[in-house]
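Colleague: Fold the following for me, if possible:
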Amino acid sequence: MKYDKQAVMEYHKGGKVSVRLPRELRTKDDLCLAYTPGVAHAVKAIAENPDDVYACTAKPNLVAVVSDGTAILGLGDLGAAASIPVMEGKAVLFKAFGDVDAWPVPVDHCRVNGESTGRTDPKRVIEAVKAIAPQYGGINLEDIASPACFEIEDTLDRELDIPVFHDDQWGTAVISLSGVMNFAHLAGRRMDELKVVMNGAGAAGIRICEMLKAAGVRDVVMCDRKGTIRRDRTDLNEYKARHAADTSAKTLKEAIVGADVFIGVSAANVLSGDDVRSMADFPAVFAMANPDPEIAPEEVGKALAGRKYVMVTGRSDYPNQINNVLGFPYLFRGALDVRATTINKEMKVAAANALARLAREPVPADVQALYPDEKLVFGTDYIIPKAFDRRLFVEVSYAVAEAAVKTGVARLDVDLAAYREDLVRRNEVR
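Modeller: Numbers count the residues shown, from 1 in each chain. Now for the predicted structure:
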């Protein structure tokens, strides 16, 4: 299928989201129940007991997809209005994969007379999100430029009593971690034995590093445009400084020598065949820049001919795609179902573990049929589940909910065995 402008514009005609009513409104009685005078009872119930908002509104299954349009899908700062097709798309994925209702919330705060001021104002975004939060059970932040996105998420997560999740930071990090876990499984290595080199220290890179460390990785060297992020550098922001390494390597080319894993969330063609040849005997190359990776898979195959290796990209036309749709619908599904106050690090690691375990399971015939050109058997070409594997709904959502309960951030008293059975039932009928 060709994804030319005409086909895309036709698909987007009229938008991609709409309101569907969960109950019929056909009679005078229906009207009185939905609106005046009946609605007064629901209003008074919430006023008397604020928690009743979860009983008589859409809040428990509704997520706001918030963006200021400053970092749109690799296109950059194009403004809040231009972000809407992406935010609508995110809402579609929430519903299709996680059965989570979601709605785009563009926040236009950094443009004057249509022109960008060139920066995100964290305070104004925070104020805007806090103002709309009463309607929503969760907040998904999207396409907000770094480093402002860190302050925005951290502040909202601290000050709101609902899950706040910046997918550009954590989504890629969760899926990447699952891939690294399965690479370690294939290589017969413990996570704390891996040497990891990263290129790109923006939102995704920082959070990938944090997730790797949370899962036990101890040796991580990050690189930015100026070289390795070392302790002797004086130009690091607070987020990079937290992950500064004691290393004599000053460049990516020097740092990657002997590395088990390369993770790129940076720019096209920053690696050469010689670079990947200098890695460990059985390396993993996570080249996730889009649309063009840090090194083409074909070049890696040529450079490592005769050697065992794992190749990962962010593209759907190669095996082992890092696709955030494997994460955010189910992270929110599990969090919403137990009414979690946050999506903490333990819940994210649990999601990564669930994804890694699922990739090691036999793939159902209906999933294999969707990918006729790939052999979906756990190994170097299949370490990450496919997006259309319906088992994700149960396995990842349950893992997230379980972690929320065990870490004390779930507000509902949940029978986890019964919850898992309920997920299976819901997955069959959705």
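Colleague: How about V220: what's its closest non-neighbour residue?
Modeller: V196 (4.7 Å; C-beta to C-beta, 6 or more residues apart in numbering). C-beta here means a position set from N, CA and C on the backbone, and glycine is covered the same way.
Colleague: Over to that neighbour: give its phi and psi.
Modeller: phi -120, psi 130 (degrees, to the nearest 10).
Colleague: On the three-state scheme, the residue lying closest to T407 once chain neighbours are set aside is what?
Modeller: Distance criterion C-beta to C-beta, 6+ apart; nearest residue to T407, sequence neighbours excluded, is E346 at 4.9 Å. Following DSSP: H, G, I helix; E, B strand; the rest coil, E346 is assigned to helix.
Colleague: Could you give the number of residues near the residue nearest to D219 when sequence neighbours are not counted?
Modeller: Spatial nearest neighbour of D219, excluding adjacent residues (C-beta to C-beta, 6+ apart): K195 at 4.7 Å. Residues near K195, counting by other C-beta atoms under 10 Å, number 20.
Colleague: gap between K195 and H12?
Modeller: Distance of K195 to H12, given as C-beta to C-beta, to the nearest Å: 44 Å.
Colleague: For the residue positioned nearest the centre of the chain, list the residues it contacts.
Modeller: Nearest residue to the geometric centre of the chain (C-alpha atoms, centre = their mean): G171, 1.6 Å. Each residue near G171 by C-beta atoms under 8 Å, 6 or more residues apart in numbering is listed here: 165, 324, 327-328.
Colleague: Save those as TSV, and put in neighbour count too.
Modeller: Formatted as TSV, these follow (neighbours: other C-beta atoms under 10 Å):
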residue	neighbour count
F165	26
N324	20
G327	29
F328	28
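Colleague: which of these are the two that sit furthest away from each other?
Modeller: Spatial extent of the contacts of G171 (C-beta to C-beta) is set by the pair F165 and N324 at 10.8 Å.
Colleague: Look up how far T251 lies from N269.
Modeller: Applying C-beta to C-beta, the value for N269 to T251 is 16 Å.
Colleague: for G273, what are its contacts?
Modeller: Residues counted as contacts of G273 (C-beta under 8 Å, 6+ apart) are 295, 299-300, 302-303.
Colleague: ok so, going back, local confidence estimate at the residue nearest to D219?
Modeller: Looking at K195, its pLDDT reads 98.
Colleague: Centre of the chain to stretch 290-301, how far?
Modeller: Chain-centre distance of stretch 290-301: 22 Å, with C-alpha atoms, centre = their mean, to the nearest Å.
Colleague: Now the terminal residues of stretch 53-61, how far apart.
Modeller: 12 Å (C-alpha to C-alpha, to the nearest Å).
Colleague: what does that stretch contact?
Modeller: Outside of stretch 53-61, the residues within contact range by C-beta under 8 Å, 6+ apart are 42, 45-46, 99-101, 134-137, 336, 339.
Colleague: mind running it again at 7 Å?
Modeller: Contacting residues not belonging to stretch 53-61 are listed as 42, 45-46, 100-101, 135-137, 336, 339 [C-beta atoms under 7 Å, 6 or more residues apart in numbering].
Colleague: Check stretch 274-294 too.
Modeller: With C-beta under 7 Å, 6+ apart as the test, stretch 274-294 has contacts from 74, 176, 179, 183, 187, 199, 253, 256-271, 295, 300, 303-304, 307-315, 322.
Colleague: residues of that stretch that come out buried?
Modeller: 275-276, 278-280, 282-289, 293-294 (16 or more other C-beta atoms under 10 Å).
Colleague: next one: stretch 87-101
Modeller: In stretch 87-101, counting by 16+ other C-beta under 10 Å, buried: 87-91, 93-95, 97-101.
Colleague: same check, this time on stretch 122-130
Modeller: Buried-residue list, stretch 122-130, by 16+ other C-beta under 10 Å: 122, 125-126, 128-129.
Colleague: pretty sure M181 contacts A350?
Modeller: No: applying C-beta atoms under 7 Å as the test, M181 and A350 come out as separate, 11.9 Å apart.
Colleague: intersection of neighbour lists for those two?
Modeller: Among the neighbours of M181, none is also in contact with A350 (C-beta under 7 Å, 6+ apart).
Colleague: In the buried residues of stretch 87-101, find the pair that's most separated.
Modeller: Maximum pairwise distance among the buried residues of stretch 87-101 (C-beta to C-beta): 18.6 Å, between M87 and D99.
Colleague: quick revisit: for the contacts of G273, work out which two are farthest apart.
Modeller: I295 and K302 (10.5 Å).
Colleague: and those two? which has more neighbours close in?
Modeller: Using other C-beta under 10 Å, the more surrounded residue of I295 and K302 is I295, with 24 against 11.
Colleague: Now do the SS call for the nearest residue to the more buried one once chain neighbours are set aside.
Modeller: Sequence neighbours aside, L271 is the residue nearest to I295 in space, at 3.9 Å (criterion: C-beta to C-beta, 6+ apart). With three-state DSSP as the basis, L271 sits in coil.
Colleague: Burial check on L271, number of neighbours?
Modeller: L271, neighbours per other C-beta under 10 Å, totals 25.
Colleague: List the contacts of it.
Modeller: By C-beta under 7 Å, 6+ apart, the contact list for L271 reads 287, 294-295.
Colleague: Closest one to T234 out of the residues you listed, please.
Modeller: E294 (27.1 Å).
Colleague: And the closest one, how close does it get to L186?
Modeller: 21 Å.
Colleague: next one: N324
Modeller: The gap separating N324 from L186 is 23 Å, by C-beta to C-beta.
Colleague: Provide a list of residue ranges in the chain with pLDDT below threshold.
Modeller: Filtered on pLDDT under 70, the chain yields the residue ranges 1-2, 110-118.
Colleague: can you tell me which residues contact the residue nearest to D219?
Modeller: Counted by C-beta under 7 Å, 6+ apart, K195 has contacts 219, 258-260.
Colleague: Just these: which are in helices?
Modeller: The helices, defined by DSSP state H, take in nothing from the contacts of K195.
Colleague: what about the strands in the chain?
Modeller: For the chain, applying DSSP state E gives strands covering 62-67, 101-106, 111-112, 115-116, 138-141, 164-166, 195-199, 219-224, 227-228, 261-264, 284-287, 310-313.
Colleague: Show me how far the first one is from its chain's centre.
Modeller: For strand 62-67, the distance from its own C-alpha centre to the chain's C-alpha centre is 14 Å (C-alpha atoms, centre = their mean).
Colleague: Now that strand: buried residues?
Modeller: Within strand 62-67, judged by 16+ other C-beta under 10 Å, the buried ones are 62-67.
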